[in-house]
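Engineer: Test case, fold it:
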Amino acid sequence: MVRLALYKGRGKLGNRITRWWTGSIYSHCELVVCGVCLSASFMDGGVRAKQIDLDSGHWDVIPLPWADVAQVLAFFEQTKGRAYDWLGLFRGQLFNRGGRDGSKYFCSEWCAEAIGIPAAEMYSPARLGELVGFVRDRGR
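Structural biologist: Okay, here's the model as predicted:
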């Protein structure tokens, strides 16, 4: 199963700026597959896999039973090592402009694209969490 993990810990300056700008408690997101976190991280330099303690109280986790594990893993293999997309983050989140080059990613963009959500560059961690929470609740 795929899960979306949303970071609500204090974090560093970039986390605080993201929370302030988006008006949310969330500043980062990861997809979790088989206990491994997959995402694009500015702290780690781009797309990577990482073991993270999601039970630290700093994360909210939403199950995505409709998400395709094979699709997420294939997307990770295709994009691992790609750089963090600062320009795309500013373009999509600060200036509300779509468009992306596909060679770099920011966290919520990477997660949204990995699970097949269109216009992935337009999602902040909070907006992505709202969308998948809505989809989850509609399926009940």
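
Engineer: number of nearby residues for the residue nearest to residue 56 when sequence neighbours are not counted?
Structural biologist: The shortest distance from residue 56 to any non-neighbouring residue, by CB to CB, 6 or more residues apart in numbering, is to residue 9 (7.3 Å). From N, CA and C alone the C-beta is placed, and that goes for glycine too. Using other CB atoms under 10 Å, residue 9 is surrounded by 14 other residues.

Engineer: Which strand or helix spans the closest residue to residue 80 other than its chain neighbours?
Structural biologist: Leaving aside its sequence neighbours, residue 80 sits nearest to residue 47 (CB to CB, 6+ apart; 5.3 Å). Here residue 47 sits within strand 46-50, counting by DSSP states H and E.

Engineer: Residue 24 now?
Structural biologist: Secondary structure assignment for residue 24, by DSSP H and E: no helix or strand.

Engineer: about what we covered before: what sits opposite the residue nearest to residue 80 in the beta ladder?
Structural biologist: Listed beta-bridge partners, residue 47: residue 40 (assigned using DSSP bridges).

Engineer: Could you report the pLDDT at it?
Structural biologist: With respect to pLDDT, residue 47 scores 98.

Engineer: Give me the distance between it and residue 21.
Structural biologist: 22 Å (CB to CB, to the nearest Å).

Engineer: And those two? Which one has more around it.
Structural biologist: Per other CB under 10 Å, whichever of residue 47 and residue 21 has more neighbours is residue 47, with 24 against 12.

Engineer: pretty sure the more buried one contacts residue 79?
Structural biologist: Yes - with contact defined as CB atoms under 8 Å, residue 47 counts as touching residue 79 (4.8 Å).

Engineer: What number of neighbouring residues does residue 117 come out with?
Structural biologist: Around residue 117 there are 18 residues (other CB under 10 Å).

Engineer: Please consider this matter closed, and thank you.
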